[in-house]
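Student: predicted coordinates and the sequence they were generated for:
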Amino acid sequence: MKDRMHYHRLFEPEEPGYIRGNLGKADSALYFTDDGPDHCMVSRRVGSSSDGSEYCLVARISLFRYRELRDLDVAVEDAFSEARDISLCGVYQDDFISNVILVQHYRHSVDIPDEYLPPSPLIEFSTPPSSD
């Protein structure tokens, strides 16, 4: 998520606006981190490939939407429905470094493949998804 953030300073735990956490379980789990005073980042694991890469859907949402999700006023399934800057990212991690690549950018939430959205099960990609 840090790679796709707009605001490049994470809040400290004692600062207003600090967000770190998750919501949901297993394949529906969502992860959050703050992204400035009015937004946060949301992500979910989409799957992995045989080369060891993990794939995550990452987007930016308003704090209002985050609070709706946190307070269960909006279903986890709708977490990305009002999102912006939506991307499928690939992460390959070895012992020393994580390499993040942008695989696909989505202009609108309706462009996201349904199988990438919660509560879809994790995908085992037989070949890594192709980049833009």
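Tutor: Thanks, I have the structure now. Numbers count the residues shown, from 1 in each chain.

Student: any idea what the residue nearest the centre of the chain is bridged to?
Tutor: With distances taken as Cα atoms, centre = their mean, residue 43 lies nearest the centre of the chain, 1.5 Å away. Each beta-bridge partner of residue 43 is listed here, defined by DSSP bridges: residue 31, residue 58.

Student: and the pLDDT for it?
Tutor: Model confidence at residue 43, expressed as pLDDT, equals 94.

Student: quick check: residue 98 touching residue 56?
Tutor: No: look at residue 98 against residue 56 with Cβ atoms under 8 Å: they stay out of range, at 11.6 Å. The way it works is simple: take the backbone N, C-alpha and C, and place the C-beta from them, glycine included.

Student: more crowded one of these two?
Tutor: Taking neighbours as other Cβ atoms under 10 Å, residue 98 and residue 56 compare with residue 56 leading, 20 against 11.

Student: just say helix, strand or coil for the more buried one.
Tutor: strand (DSSP: H, G, I helix; E, B strand; the rest coil).

Student: for it, which residues are in contact?
Tutor: Listed by Cβ atoms under 8 Å, 6 or more residues apart in numbering, the contact partners of residue 56 are 43-46, 88-89, 91.

Student: quick one: it from residue 101, how far?
Tutor: Applying Cβ to Cβ, to the nearest Å, one obtains 11 Å for the distance of residue 56 from residue 101.

Student: any shared contact partners between the two?
Tutor: When contacts are counted by Cβ under 8 Å, 6+ apart, the set common to residue 56 and residue 101 consists of 89, 91.

Student: common neighbours of residue 98 and residue 56, please.
Tutor: Shared contacts of residue 98 and residue 56, defined by Cβ under 8 Å, 6+ apart, comprise residue 91.

Student: need the pLDDT of residue 126.
Tutor: Taking residue 126 on its own, its pLDDT is 83.

Student: right, and it touches residue 51 too?
Tutor: No: between residue 126 and residue 51 there is no contact, the gap being 10.9 Å when judged by Cβ under 8 Å.
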